[in-house]
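*Asks:* Give the three-dimensional model of this entry:
(one chain, ligands or ions: 1)
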Amino acid sequence: MGRRGFLAAGAGAFLCTIGSERVLLARPGDAAKADAAAARVERPAFAAQRRGGGPQPSTPGADPVDALRFEQPAPRPGGQVREHWIEAVRQRWDIVPSRPRRDLWHGRAIPGPTAFDAFVYRRATAGFASPVRSGAMPGPILECEVGDVLKVHVRNSLPEKSGQAITMHPHGVRYNPEYDGVYLGDFTRAGGFIAPGEEFTYLWEATPDSVGVWPYHDHGPNHTLNTMRGLFGAIVVRAKGAPSPAREYVLVLHSLLPPITGLRRAYQCINGHAYAGNTPTLRAGVGDDVAIHVIGMDNNFHDFHIHGHRWKKDGAGIFTDNPTLGPNETITARFTEDNPGRWLYHCHVFAHQDGGMTGMYLVDP
Ligand SMILES: [Cu+2]
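*Replies:* Next up, the predicted model:
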């Protein structure tokens, strides 16, 4: 392995299982190998039949549970159906969009290039008539209350060239296996394999134990790479009638690595961007009820530090200013703002904070 290859590997090599293949992503551009493997994954028989059917009894590991049928979830009395139209698209994404490229924390210039072809979820109008706005990391925030049903229409609008099945898999809400949004080989249900050009409608219930903030992400055949390249978002479930905080933010901590981006450097990101001034600049005023929801979305453990503030982790137990979170875990920093000024927030894993996982928090008096 040459020096460049060694550096790239050190910057985040990882191994993916995609259908029957194992693909090592070690060098810039290796995502294309995974995409090719994903394009070779055949549509599972179960998915091909849409609802009903099931794997052949001769399928290794087949079980009667695979033939179960499920009731359609419906809202509880007083609840409602919250409908969303979301496309998975390939979209050019700049990790350091400020011009000039700059890290506001250190007042340092950041060298380019910093853009790559991300896969992201993008909100559309009803019937996928037109995009509402550009896709983003995270994708659309899906808000609901206990008793509601989230009805999420997902279309795979990836271009033919990067053609592969995707899904949307939620955390936190209740769903039956039909709406799990997971590729399971021979046991894949209809929502677990949305091929390019196809759509699927997920029905997810917000139950009393769903209250909180949760990630969603691709869980199709190429889910590791696709999640790491941007196919993720968040679900916010509130208790019935609960007011939303005066200031509410969702921050996703994750890395964008050379094998994924084709770029030569690794970036430690918040919401798809790296370095203060590019990552979200949060804002609040003294007296505001502030909620900052932080989600881990890569191979690493992170922690979340806000200068000048203390809070009880998830509202209980002892006070903290630096709680830890693991992959796909959510923690919430919630407090009544009392400390005006410019504050830094960041992951406190040193390699992450210096690699871009930092931002600014501005508090008005
Ligand atoms: Cu970190």
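
*Asks:* Compute the number of surrounding residues for the spatially closest residue to Ala45 that is not a sequence neighbour.
*Replies:* Excluding the flanking residues, the one nearest Ala45 by CB to CB, 6 or more residues apart in numbering is Pro55, at 6.6 Å. For every residue, glycine as well, the C-beta is placed using N, CA and C. Neighbourhood size, Pro55 [other CB atoms under 10 Å]: 20.

*Asks:* Also the one 10 residues further on?
*Replies:* Burial measure for Val65: 9 neighbouring residues, criterion other CB under 10 Å.

*Asks:* A helix includes it, no?
*Replies:* Yes. Judged by DSSP: H, G, I helix; E, B strand; the rest coil, Val65 forms part of a helix.

*Asks:* Make sure Thr59 is indeed in a strand.
*Replies:* No. Counting by three-state DSSP, one finds Thr59 to be coil, located in no strand.

*Asks:* Spit out the contact partners of it.
*Replies:* Counting by CB atoms under 8 Å, 6 or more residues apart in numbering, Thr59 makes contact with Asp186, Phe187.

*Asks:* Which residue, neighbours along the chain excluded, lies closest to the residue in the stretch 101-250 of the chain positioned nearest to the ion?
*Replies:* The ion sits closest to Met228 of the stretch 101-250 of the chain, with a gap of 14.3 Å, by CB to the ion. With sequence-adjacent residues excluded and distances taken as CB to CB, 6+ apart, Met228 is closest to Ile260, at 5.5 Å.

*Asks:* Give me the residues contacting the helix or strand encompassing that neighbour.
*Replies:* Here Ile260 is covered by helix 258-261, with elements defined by DSSP states H and E. With contacts defined as CB under 8 Å, 6+ apart, helix 258-261 is touched by 8, 11-14, 25-31, 95, 116, 225, 228-229, 264-267.

*Asks:* Among those, the buried ones, what's the ChimeraX command?
*Replies:* Selecting only the buried entries of the contacts of helix 258-261 in ChimeraX, with 16 or more other CB atoms under 10 Å as the criterion:
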select :8,11,12,13,14,25,26,27,28,30,31,95,116,225,228,229,265,266,267
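
*Asks:* what's near enough to touch the spatially closest residue to Pro340 that is not a sequence neighbour?
*Replies:* Of all residues not flanking Pro340 in the chain, Pro365 sits nearest, at 4.1 Å (CB to CB, 6+ apart). Residues counted as contacts of Pro365 (CB under 8 Å, 6+ apart) are Gly285, Val286, Pro340.

*Asks:* Nice, that's everything, thank you.
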